[in-house]
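>>> Fold the following, please.
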Amino acid sequence: MAAPVTSAKPVTETHTETQATVQKLTIGKALNAGLRAAMEADDKVIMMGEDVGKLGGVFRITDGLQKDFGEHRVLDTPLAESGIIGTAVGLAVRGFRPVCEIQFEGFIFPGFDQISSQLAKLHYRTQGEVKVPVVIRVPFGGGIGAVEHHSESPESLFSHIAGLRVVSCSNPVDAYWMIQQAIRCDDPVLFFEPKRLYHSGALKAPVDTTATPDPLFASRTVRQGTAATVVAYGPSVPVCLDAASAAAEEGRSLEVIDLRTLSPLDLEPVFESVRRTGRLIAVSEAQSESSITSEIAARVQQECFYSLEAPVLRVTGFDTPYPPAKLEEHYLPDLDRVLHAVDRALEW
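As a prediction, the model looks like this:
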């Protein structure tokens with residue numbers, strides 16, 4: 001799998017900084033390092049969730065944090081997402097910065113009422129007097145051989161709720177910095193993490209802990225191109241980069257944009273790119289109906305109508321519940337489906 005471009009200030013393995021500031025990490029290890037840095041920087045940052053303490057989380061993202069920071073800052077909770085998020089809301093009102101882990105994205109719905117009715121609205125309801133700096137970490141997406149409740153992509157639901165911010169990382173550099181930026185944000189942030197990329201050695205990349213990160217709520221062009229624009233986020237970004245590499249062997253130059261932020265959407269780089277290429281393919285594992293890719297298509301059509309040489313095309317999951325493991329390779333957008341969409345756009 002091709003490694004994505006991950007920083008406006010790229011770090012190479014020949015970097016002269018010490019090993020303490022530059023480490024080659026997976027996304028999972030980068031998230032762990034980012035959480036550790038946030039806890040070291042602010043003693044009001046606490047971790048909450050099912051098995052996040054002694055076990056280190058089912059994906060080991062919080063591994064070692066309870067041992068180093070204590071049980072009063074890394075709390076193992078009951079299996080009750082509504083209770084986890086409701087408690088976090090109360091802690092945030094009292095000045096803490098809780099970080100909640102939802103084991104799998106499909107388990108978030110028992111806490112949906114707390115998120116939509118309380119977390120998203122308290123700041124507005126109090127005319128800005130009350131801040132609720134809660135981060136909800138959500139491992140999401142397929143590719144791990146699990147069925148529904150363990151492989152879903154519900155990010156569009158939360159992006160639709162006013163008062164929430166929604167982001168998703170796709171590489172180790174962003175994982176390290178974005179989790180810290182989300183924790184420092186005074187608004188509630190849902191942080192969607194591509195679980196199948198957590199421990200991917202192919203995406204392992206040097207992370208410079210002294211670098212200046214990109215803004216949290218900004219998209220980024222990760223590969224320059226001229227023939228068509230491909231936009232994605234989270235687990236779909238490496239797929240699109242692989243597709244761009246394959247297309248280049250056939251003389252087709254694809255520009256790839258990593259959204260990074262889903263609410264608010266930062267589509268200015270997408271508009272700028274489409275005005276040059278005239279074509280757009282939006283890629284996501286989520287279902288196509290009423291989704292992030294739907295919003296992208298609508299806004300690009302509105303802003304770039306006279307620049308488009310072909311309709312905006314989408315490559316997504318299907319409008320069905322997530323399938324059994326034997327079928328997920330047919331369900332998930334892959335290199336071939338992305339390249340087929342590129343062919344259709346270029347032949348229009």
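
>>> which element follows the lengthiest helix in the chain toward the C-terminus?
Of all the segments of type helix in the chain, defined by DSSP state H, the longest one is helix 27-41. Next in sequence after helix 27-41, counting helices and strands by DSSP states H and E, comes strand 45-49.

>>> So what touches that following strand?
Strand 45-49 is contacted from outside by 35, 38-39, 53, 57, 62, 65-66, 72-77, 84, 87-88, 91, 96-103, 137, 183, using CB atoms under 8 Å, 6 or more residues apart in numbering. Every residue, glycine included, has its C-beta placed from N, CA and C.

>>> Restricted to strands, list those residues.
Using DSSP state E, the members of these that fall in strands are 74-76, 97-101, 137.

>>> any idea which of those has the most stuff around it?
Within the ones in strands among the contacts of strand 45-49, residue 100 tops the neighbour count with 30 neighbours, counted by other CB atoms under 10 Å.

>>> Hmm, that residue is touching residue 133, no?
No: applying CB atoms under 8 Å as the test, residue 100 and residue 133 come out as separate, 11.9 Å apart.

>>> Break the protein into its domains for me.
23-208, 220-347 (automatic domain parsing).

>>> among the ones you listed, which is nearest residue 214?
domain 220-347 (6.2 Å; CB to CB).

>>> So what's the model's average confidence on that closest one?
The average pLDDT within domain 220-347 is 97.

>>> what about that domain, start to end distance?
End-to-end distance for domain 220-347: 27 Å, by CA to CA, to the nearest Å.

>>> For the nearest residue to residue 87 once chain neighbours are set aside, give the beta-bridge partners.
Of all residues not flanking residue 87 in the chain, residue 48 sits nearest, at 7.0 Å (CB to CB, 6 or more residues apart in numbering). Using DSSP bridges, the bridge partners assigned to residue 48 are residue 75, residue 100.

>>> neighbours around residue 48, how many?
24.

>>> Against residue 294, how distant is it?
33 Å (CB to CB, to the nearest Å).

>>> tell me the phi and psi of residue 277?
Torsion angles at residue 277 (phi, psi; degrees, to the nearest 10) stand at phi -90, psi -30.
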